[in-house]
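Peer 1: Okay, predicted coordinates and the sequence, questions at the end:
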Amino acid sequence: MVQDTFDRIIRENRIVGTYEQILPEFAATLGASVGTWLKNKATIAIARDFRSDSRMMKRAFTGGLMSSGVSALDFHAAPTPLLQFYIRRFGADAGVMFTSGHYEEDKTSIRLFDENGAELTMEKLSEIHDILKSGAIRRVPPREMVNIQDATGAADVYIDGIKNLIDRKAIAKQNFKVVIDSALGPASSILPPLLTDLNVEVIAINSFIPKIIPKNLPNANSMVSLAQTVRANEADLGIALDVEGSRVVFTDENGILKSSDRMAVGLAAHQVRNSSGTIVISESLSRNIENVSQTLGGGKQKVLRVKNEPGAIAQAIRANQGMFGASDDGSFWAPSFTVDADGMYTTLKVLEMLATMDQPLSRYLDHLPQLPNNHREIMVSKNIDNELFAYMEHFTEYDPELGFKYAIDTLAGVKIVFDKGWVNLLPSSRDHRIIHLTSEADPFEISNVYLDAVQEKIDNFNN
């Protein structure tokens, strides 16, 4: 049964399943299998978010792990980037994160990392799968079991690492005011105090340890709340993290939500002005990346596009000594600091960018080169929360001539990708019933065709 479960829940190179699929007994067997895959007496760093199921699975996994003679370095509740940073900096043999899905509330995700803090490749996951399937699990007697140790001081080391790589004086000089939605995740214990230390005034929402988590965040309603809080407090920036602290979306000083495409262009433009190297991005990210590389960087930067698969951008950055990475889903990479996406560090880099350019986010992005795109606004009759975006992410029945490829959870909405372009769906920052559709395509004329197709699916949802 455990073997069948693994076969059904492996998704690309991640383990994702419902509460009926990922059971404590599966987590225990998986822990023992991972421990067997590692050498005896190895150390694995373990963390979770605040959800009860994440806590339960982590404890079961740890029990199985110890039975195989492997020790656990326990981070308790911690953001994923902190866990990955610690693995890379202090040499743990592996890592595991237990967290929730975004649009699918009943799902648990188990993310496994190698000794560099990078997600395990499918090849390595298959090796663990083979151990689990064969039942060839190493077990040790109690005298050989290694104790669980707390990862004391990990947050301080992570914070110091960030401070050493940003222009603290430039940020502090601006007296920024920001609104942060931590999505009821462990980043709430890291980012607000870090910003406060840099003379940034912080207004924190969804930044506490909940007894229960009623809805996965961010969602359409929470994005409207974030925007309203930004406007009401005349803040300089709105920040919405995912529950892991890995992904992030931003609003400008007017509370207007900015897509991952536009933020990627802004961050890339800031990078190319001062440095050369390889920019690694997902294959469906806006073509404006190449545009700013040519216009502002003089073509000194190579833009490398890779498949939209977990771990693909991180692997390409390491292989090509990349200078910056970005994906449609709200993930941004800064190789000088971390091996994988980090929403907290990205937030600091955005503030550093605004401080250096000495202008608000709206003006900075508006003045960057931009290819033509098409835009529509649609009213949705239902209270959508994340329901519309979950529907659009999994609804794949389009006319074959459109060349539909896949849909991406962008954290704030969903992106529908076709052979020759895409349509991005984002909630309005003023009314969660209003959806903004933006399409980029080559040739430009086909963008209207894509918009029509996506609008038809939204109308079906509406009815």
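Peer 2: Structure's in. What do you need? Numbers count the residues shown, from 1 in each chain.

Peer 1: Please make it C-alpha for all contacts and neighbour counts, starting now.
Peer 2: Will do.

Peer 1: Flag the shaky bits of the stretch 1-150 of the chain, pLDDT-wise.
Peer 2: For the stretch 1-150 of the chain, the stretches flagged by pLDDT under 70 are 1-13, 102-105.

Peer 1: Now with 90, please.
Peer 2: 1-23, 39-41, 51-53, 88-91, 100-109, 118-119, 121-123, 133, 142-148 (pLDDT under 90).

Peer 1: which residue ranges form the strands in the stretch 351-463 of the chain?
Peer 2: Secondary structure of the stretch 351-463 of the chain, counting by DSSP state E, counting those that start in this stretch: strands at 374-379, 404-409, 414-418, 421-427, 434-441.

Peer 1: what's the answer for the stretch 101-250 of the chain, then?
Peer 2: With strands called from DSSP E, counting those that start in this stretch, the stretch 101-250 of the chain shows them at 107-113, 148-150, 177-181, 201-205, 237-241, 248-251.

Peer 1: and of those, who's closest to residue 443?
Peer 2: When those are compared by C-alpha to C-alpha, strand 248-251 sits nearest residue 443, at 28.2 Å.

Peer 1: Can you name the element that comes right after that closest one?
Peer 2: Going down the chain from strand 248-251, the next helix or strand is strand 257-258, by DSSP states H and E.

Peer 1: who's in contact with that following strand?
Peer 2: For strand 257-258, contacts defined as C-alpha atoms under 8 Å, 6 or more residues apart in numbering pick out 227, 249-252, 428-429.

Peer 1: Now which of these would you call buried?
Peer 2: Among the contacts of strand 257-258, the ones that count as buried by 16 or more other C-alpha atoms under 10 Å are 227, 249-252, 428-429.

Peer 1: Export those residues to JSON lines and append columns for distance to residue 33 and pLDDT.
Peer 2: Formatted as JSON lines, those follow (distance: C-alpha to C-alpha, whole Å; pLDDT from 0 to 100):
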{"residue": "227", "distance to residue 33": "45", "pLDDT": "96"}
{"residue": "249", "distance to residue 33": "36", "pLDDT": "97"}
{"residue": "250", "distance to residue 33": "40", "pLDDT": "98"}
{"residue": "251", "distance to residue 33": "43", "pLDDT": "97"}
{"residue": "252", "distance to residue 33": "46", "pLDDT": "97"}
{"residue": "428", "distance to residue 33": "46", "pLDDT": "89"}
{"residue": "429", "distance to residue 33": "46", "pLDDT": "86"}
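
Peer 1: Make TSV from these and add distance to residue 349 to it.
Peer 2: Formatted as TSV, these follow (distance: C-alpha to C-alpha, whole Å):
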residue	distance to residue 349
227	21
249	13
250	12
251	15
252	15
428	25
429	23
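
Peer 1: which one among the residues you listed gets closest to residue 151?
Peer 2: residue 249 (29.0 Å).

Peer 1: what bridges to the closest one?
Peer 2: Applying DSSP bridges to residue 249 gives these bridge partners: residue 240.

Peer 1: In contact with it, which residues are there?
Peer 2: Residues in contact with residue 249 (C-alpha under 8 Å, 6+ apart) are 239-241, 257-260, 330, 411-412.

Peer 1: can you tell me which of those lies nearest to residue 348?
Peer 2: residue 239 (10.8 Å).

Peer 1: Counting neighbours, what do you get for the closest one?
Peer 2: 23 (other C-alpha atoms under 10 Å).

Peer 1: and it, what does it touch?
Peer 2: Applying C-alpha under 8 Å, 6+ apart, the residues near residue 239 are 178-181, 226, 248-251, 347.

Peer 1: how does it look with 7 Å?
Peer 2: 179-181, 248-251 (C-alpha atoms under 7 Å, 6 or more residues apart in numbering).

Peer 1: I'd like those residues written out as JSON lines, with distance to residue 64 added.
Peer 2: JSON lines is the format used below for the contacts of residue 239 (distance: C-alpha to C-alpha, whole Å):
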{"residue": "179", "distance to residue 64": "41"}
{"residue": "180", "distance to residue 64": "37"}
{"residue": "181", "distance to residue 64": "35"}
{"residue": "248", "distance to residue 64": "33"}
{"residue": "249", "distance to residue 64": "37"}
{"residue": "250", "distance to residue 64": "40"}
{"residue": "251", "distance to residue 64": "43"}
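
Peer 1: what's the most distant pair in these?
Peer 2: Greatest spatial distance in those: 179 and 248, 12.8 Å, computed using C-alpha to C-alpha.

Peer 1: Those two: which is more packed in?
Peer 2: Neighbour totals were compared for residue 179 and residue 248, and residue 248 leads with 29 against 26 (other C-alpha under 10 Å).

Peer 1: Nearest spatial neighbour of that one, chain-adjacent residues omitted?
Peer 2: Spatial nearest neighbour of residue 248, chain neighbours left out: residue 241 (4.4 Å); criterion: C-alpha to C-alpha, 6 or more residues apart in numbering.

Peer 1: How many residues are close by residue 363?
Peer 2: 11.

Peer 1: oh, I was asking about residue 401
Peer 2: The number of residues packed near residue 401 is 8, by other C-alpha under 10 Å.

Peer 1: Could you measure from residue 212 over to residue 218?
Peer 2: Residue 212 is 16 Å from residue 218, where distance means C-alpha to C-alpha, to the nearest Å.

Peer 1: quick one: which of these two has more around it?
Peer 2: The neighbour comparison of residue 212 against residue 218 (other C-alpha under 10 Å) goes to residue 218, with 27 against 10.

Peer 1: Give me the nearest residue to residue 350, chain neighbours excluded.
Peer 2: Using C-alpha to C-alpha, 6+ apart, the closest residue to residue 350 is residue 267 (7.2 Å).

Peer 1: Tell me what angle the helix or strand that contains the one you found forms with strand 421-427.
Peer 2: Per DSSP H and E: residue 267 is located in helix 260-272. On the basis of axes from the mean of the first three to the mean of the last three C-alpha atoms, to 10 degrees, helix 260-272 is oriented at 110 degrees to strand 421-427.

Peer 1: helices or strands up against the helix or strand following helix 260-272?
Peer 2: Next helix or strand after helix 260-272 toward the C-terminus (DSSP H and E): strand 277-282. Judged by 3 or more C-alpha pairs under 7 Å, 6 or more residues apart in numbering; DSSP states H and E, the packing partners of strand 277-282 are strand 301-306, helix 312-320, strand 322-326.

Peer 1: mind checking how far residue 179 is from residue 355?
Peer 2: Distance, residue 179 to residue 355, using C-alpha to C-alpha: 17 Å.
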